[in-house]
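Peer 1: okay, sequence plus prediction incoming.
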Amino acid sequence: MRAMAYDPDNIFAKILRGEASAHVVLDEEHCLAFMDLMPQAPGHTLVIPREPVENLFDLSDAGLSHLIVATKRVAHAVRAAFNPPGMMIAQLNGADAGQTVFHIHFHVIPRKGGVAMPLHARTVADAAELADNAARIRAQLDAG
Ligand code: 5GP
C-alpha cells in the first residue's frame, strides 16, 4: 500500500469543508453520509468520518467506532428506502485494492441476486435522481 500523507484536497475533504457539493443524507458530529456520485446501484451511499484519514489502518479506534455505527444506521435507512434483498458494505484500502478517493469511507450498496453490479466510479448519475434517492434515505433517518 502506498505510504503517502493525507491529501487535504481530496474530494471528500472538500465535501466535508463545504467546498464541494454532495447529496447529504446524514450530517453529525463525527461522520457525514452522502450519495455516491457514480453509484453501483440506486441508493449507493458513502459514509465517511470527519477525521482526516486515508484508510482503515490510520483510523483511530474511536473514529472507527463512530464510523461503523453511522454506517449501520445509514444501511438501515437505505434498506428501508429501497427494500433490497441484499446489502453490501465495502471498504477499500489502497489503490491496489481499488481505492480511488483517499479519505476512508464505507460503501453501502443495495444488492439483488442476478443483477450485475457495474464497476465503481464509472458513470455519473442523474443529479435529480441522486437528490430524490437522498430524500428517500433522509426520510427514513428522520423517521428513526
Ligand atoms: P473508492 O474507490 O475509493 O472505494 O470509492 C470512491 C467512491 O467515491 C466511488 O464509488 C466514486 O463513485 C465516488 N466518488 C468519486 N468522486 C465523487 C464525488 O465527487 N462525489 C461523490 N459523492 N462521490 C464521488
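Peer 2: Ah, there it is.
Peer 1: quick one, what contacts the nearest residue to residue 30 once chain neighbours are set aside?
Peer 2: Closest residue in space to residue 30, ignoring its immediate chain neighbours: residue 66 at 3.9 Å, by CB to CB, 6 or more residues apart in numbering. Quick note: C-beta positions are derived from backbone N, CA and C, even for glycine. Counting by CB atoms under 8 Å, 6 or more residues apart in numbering, residue 66 touches 30-31, 49.
Peer 1: distance to residue 11 and secondary structure for the residues you listed - can I get that in TSV?
Peer 2: Conversion of the contacts of residue 66 to TSV gives the following (distance: CB to CB, whole Å; DSSP: H, G, I helix; E, B strand; the rest coil):
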residue	distance to residue 11	secondary structure
30	20	coil
31	17	strand
49	15	strand
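Peer 1: show me what the helix or strand encompassing residue 133 is packed up against.
Peer 2: In this structure, residue 133 is located in helix 127-142 according to DSSP states H and E. Judged by 3 or more CB pairs under 8 Å, 6 or more residues apart in numbering; DSSP states H and E, the packing partners of helix 127-142 are strand 24-27, strand 31-35, helix 61-82.
Peer 1: pull the CA atoms of the longest one into PDB?
Peer 2: Extracted C-alpha coordinates of helix 61-82, given in PDB (Å, rounded to 0.1, in the frame of the first residue of the first chain):
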ATOM      1  CA  ASP A  61     -10.500   3.100  17.200                       C
ATOM      2  CA  ALA A  62     -12.900   5.800  18.400                       C
ATOM      3  CA  GLY A  63     -13.200   7.100  14.800                       C
ATOM      4  CA  LEU A  64     -13.900   3.600  13.500                       C
ATOM      5  CA  SER A  65     -16.500   3.000  16.200                       C
ATOM      6  CA  HIS A  66     -18.300   6.200  15.200                       C
ATOM      7  CA  LEU A  67     -18.000   5.300  11.500                       C
ATOM      8  CA  ILE A  68     -19.300   1.700  11.700                       C
ATOM      9  CA  VAL A  69     -22.200   2.800  13.900                       C
ATOM     10  CA  ALA A  70     -23.100   5.600  11.400                       C
ATOM     11  CA  THR A  71     -22.700   3.100   8.600                       C
ATOM     12  CA  LYS A  72     -25.100   0.600  10.200                       C
ATOM     13  CA  ARG A  73     -27.600   3.500  10.800                       C
ATOM     14  CA  VAL A  74     -27.400   4.600   7.100                       C
ATOM     15  CA  ALA A  75     -27.600   0.900   5.900                       C
ATOM     16  CA  HIS A  76     -30.900   0.500   7.900                       C
ATOM     17  CA  ALA A  77     -32.200   3.700   6.200                       C
ATOM     18  CA  VAL A  78     -31.100   2.600   2.800                       C
ATOM     19  CA  ARG A  79     -32.700  -0.800   3.300                       C
ATOM     20  CA  ALA A  80     -36.000   0.800   4.500                       C
ATOM     21  CA  ALA A  81     -36.000   3.200   1.500                       C
ATOM     22  CA  PHE A  82     -35.100   0.700  -1.300                       C
END
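Peer 1: kind regards, and thank you for your time.
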